[in-house]
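Chemist: The following block contains a protein sequence and its predicted model.
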Amino acid sequence: MGRLRKLLIPGVDKKLLVRDAVKTMPELTRRRFITAGTSLGALTLLTGCDVVDSSSAEELLKKVSKFNDAVQAWMFNPDALAPTFPESMITKPFPFNAYYGLDEAPEIAGADWKLEVRGLVDNKKSWTLDELYKLPQVKQVTRHICVEGWSAIGSWTGTPLRDFLNLVGADTHAKYVWFQCADKDGYNSPLDMRTALHPQTQMTFKFGDEILPRAYGFPMKIRVPTKLGFKNPKYVLSMEVTNDYKGGYWEDQGYNSFSGS
């Protein structure tokens with residue numbers, strides 16, 4: 001009760017502070033928070049934060065988001081597969097999806113591109129596109145689920161990421177695989193290792209049996225059907241196996257890092 005009494009500061013409306021802080025949250029996180037109807041007292045006991053101003057309210061909500069990540073990671077079943085679909089259900093046209101227009105999408109010369117491999121791996125060689133194309137590949141027809149509320153079904157072909165990680169001698173006990181991409185503003189995104197090792201997580205080189213087009217991430221994207229769309233990085237330049245959480249483009253703006261679909 002002593003902690004709750006600290007909240008009763010004259011002249012500070014705690015509900016309004018939390019309401020203002022909620023406005024800074026990403027749309028999906030905000031909807032989940034509002035739908036849950038979590039009380040200020042419950043949040044305070046959960047996070048250990050005293051809400052005395054707008055900054056402490058935002059810090060409280062960040063802790064709730066991290067707690068949500070931890071719960072999703074704990075619930076994640078690495079053996080459960082995302083649904084697959086017949087090719088007749090593929091969405092046509094499959095939508096372009098980014099925080100910029102297609103005319104601003106990276107234009108990468110495949111002949112010059114190399115995938116850099118860094119961090120906790122035995123073999124740090126860079127891989128050309130031709131070398132990657134020679135690796136065994138599998139096809140999946142899975143649903144892309146966007147954080148904005150829409151979804152689309154597509155056909156993706158490539159090498160399971162777990163096979164590549166084993167090939168380069170990655171430390172699969174590390175916490176993350178971190179991707180850097182060619183999108184404007186330096187797009188990057190972390191992937192927890194359990195998801196990286198999921199059988200459907202894929203280094204994608206083809207869409208609809210054709211070389212991956214510019215609109216969908218040429219020369220390589222990471223297809224993660226168990227995650228929301230923003231956790232499927234495109235135009236990948238490098239991957240790093242690491243125990244350090246390095247943040248990400250959307251994660252640094254408040255989106256949950258785990259973001260399972």
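Modeler: Alright, I've got the coordinates.

Chemist: Low-confidence regions, this protein specifically.
Modeler: Residue ranges of the chain with pLDDT under 70: 1-78, 257-261.

Chemist: how does it divide up, domain by domain?
Modeler: 2-53, 78-253 (automatic domain parsing).

Chemist: What is the burial count for the closest residue to Asp122 other than its chain neighbours?
Modeler: In this structure, Asp122 finds its nearest non-sequential neighbour in Gly169, 2.9 Å apart by CB to CB, 6 or more residues apart in numbering. In short, each C-beta sits where N, CA and C put it, glycine included. Residues contacting Gly169 under the criterion other CB atoms under 10 Å number 14.

Chemist: Would you enumerate the residues in contact with Gly169?
Modeler: Val121, Asp122, Asn123 (CB atoms under 8 Å, 6 or more residues apart in numbering).

Chemist: Mark which of those residues are buried, thanks.
Modeler: Val121 (16 or more other CB atoms under 10 Å).

Chemist: Among the contacts of Gly169, name the ones in strands.
Modeler: Among the contacts of Gly169, DSSP state E puts none in strands.

Chemist: which one of the contacts of Gly169 is nearest Asn188?
Modeler: Each of the contacts of Gly169 was scored against Asn188 by CB to CB, and Val121 proved nearest at 17.8 Å.

Chemist: I figured the closest one hits Val168, correct?
Modeler: Yes: using CB atoms under 8 Å, Val121 is in contact with Val168, at 4.7 Å.

Chemist: before we move on, the earlier item: okay, the contacts of Gly169 in CSV with distance to Thr159 next?
Modeler: Formatted as CSV, those follow (distance: CB to CB, whole Å):
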residue, distance to Thr159
Val121, 16
Asp122, 18
Asn123, 15
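
Chemist: What is the nearest of the contacts of Gly169 to Asn243?
Modeler: Of the contacts of Gly169, the one sitting nearest to Asn243 (CB to CB) turns out to be Val121, at 12.9 Å.

Chemist: what about the helices in this protein?
Modeler: 2-6, 14-22, 27-36, 40-47, 54-75, 129-133, 161-167, 193-196 (DSSP state H).

Chemist: where do the strands sit along the stretch 51-200 of the chain?
Modeler: 114-119, 127-128, 138-145, 151-160, 176-181, 188-192 (DSSP state E, counting those that start in this stretch).

Chemist: on contacts alone, who are the packing partners of the fifth one?
Modeler: If you count contacts as 3 or more CB pairs under 8 Å, 6 or more residues apart in numbering; DSSP states H and E, strand 176-181 packs onto strand 188-192, helix 193-196, strand 236-242.

Chemist: Just the residues contacting the longest one, thanks.
Modeler: By CB under 8 Å, 6+ apart, the residues outside strand 236-242 that reach it are 113, 115-121, 165, 170-171, 174-182, 217, 220-222, 246.

Chemist: and the residues you listed, which are buried?
Modeler: The neighbour-count test (16+ other CB under 10 Å) marks 113, 115, 117, 119-121, 165, 170, 174-182, 217, 220-222 as buried among the contacts of strand 236-242.

Chemist: Quick one: neighbours of Pro160, just the number.
Modeler: So Pro160, with other CB under 10 Å, has 20 neighbours.

Chemist: The residue lying closest to it once chain neighbours are set aside pairs with what?
Modeler: Of all residues beyond its chain neighbours, the one nearest Pro160 is Gln202 (5.8 Å), with distances taken as CB to CB, 6+ apart. Note on Gln202: beta-bridge partners by DSSP bridges are Pro160, Arg223.

Chemist: if I pick Gln202, what's in contact with it?
Modeler: Contacts of Gln202 (CB under 8 Å, 6+ apart): Val138, Gln140, Trp156, Gly158, Thr159, Pro160, Leu161, Ile222, Arg223, Val224.
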